[in-house]
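Asks: need coordinates for the below:
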Amino acid sequence: MDFNISLEVHPVYEPSYHSPPIISYGYGDSANWTSRSISESFQVSDVTTLHFYGTEDSVWIKFLNKDPGRDTVVDKGWDKALEIKNITVEGFTNDALQYNGSFMGSPTNYLTFNDVWRYEFTLPIFTWIHKKCNFGWIFY
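Replies: Below is the predicted model of the structure:
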């Protein structure tokens, strides 16, 4: 069964100093090279909604252009990052579905370094949604 997931991605950067964040994104297992890219180099200069459709069990976003030595300006409070908000899975935006992403081994929707954020689930997707959202009894 196919899945339908949308992620609202918010760039965090100082336009007068930083270039916008650049990402690649897709679905499948990016760690084992069994993934499929939707885009290899996508600039996020404004709030953007990314759409994913497929039959795999994860979607991913890879942050590509963070230079920690230059892009983090502590004395001015500037940084370059991405925040993932409003995750919609098959039309559901329940709070239980918002915080299943993992970045650098930790559950978060805030990407601060060049690495891969993963949102993993199981198929069939409606069974996973039902369990995550604690909708009660489920019959097979």
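Asks: just the residues contacting the helix ranked longest in the chain, thanks.
Replies: In the chain, assigned by DSSP state H, the helix with the most residues is helix 125-132. With CB atoms under 8 Å, 6 or more residues apart in numbering as the contact definition, helix 125-132 has outside contacts at 1, 3, 89-90, 92, 94, 96-97, 100, 121-122, 135, 138. No exception for glycine: its C-beta is placed from N, CA and C like everyone else's.
Asks: which positions in that helix come out as buried?
Replies: Applying a neighbour-count criterion of 16 or more other CB atoms under 10 Å, one finds Ile125, Trp128, Ile129, Lys132 buried in helix 125-132.
Asks: can you point out the buried residues in stretch 77-91?
Replies: Asp79, Lys80, Ala81, Leu82, Ile84, Ile87, Thr88, Val89.
Asks: after the one helix or strand the fifth one maps to, next one along is what?
Replies: So that's Ile84. Element membership for Ile84, per DSSP states H and E: strand 81-89. Following strand 81-89 in sequence order, the next helix or strand is strand 101-103 (DSSP H and E).
Asks: can you tell me the strand partners of the helix or strand that that next one is followed by and which way each runs?
Replies: Heading C-terminal from strand 101-103, the first helix or strand you meet, by DSSP H and E, is strand 106-107. Take DSSP bridges as the rule and strand 106-107 pairs in its sheet with strand 101-103 (antiparallel).
Asks: please compute how far the partner strand lies from its chain's middle.
Replies: Centroid separation for strand 101-103 versus its chain: 8 Å, with CA atoms, centre = their mean, to the nearest Å.
Asks: now that strand: mean pLDDT?
Replies: What strand 101-103 shows for mean pLDDT is 94.
Asks: may I ask which two of the contacts of helix 125-132 are separated the most?
Replies: Met1 and Ala96 (20.1 Å; CB to CB).
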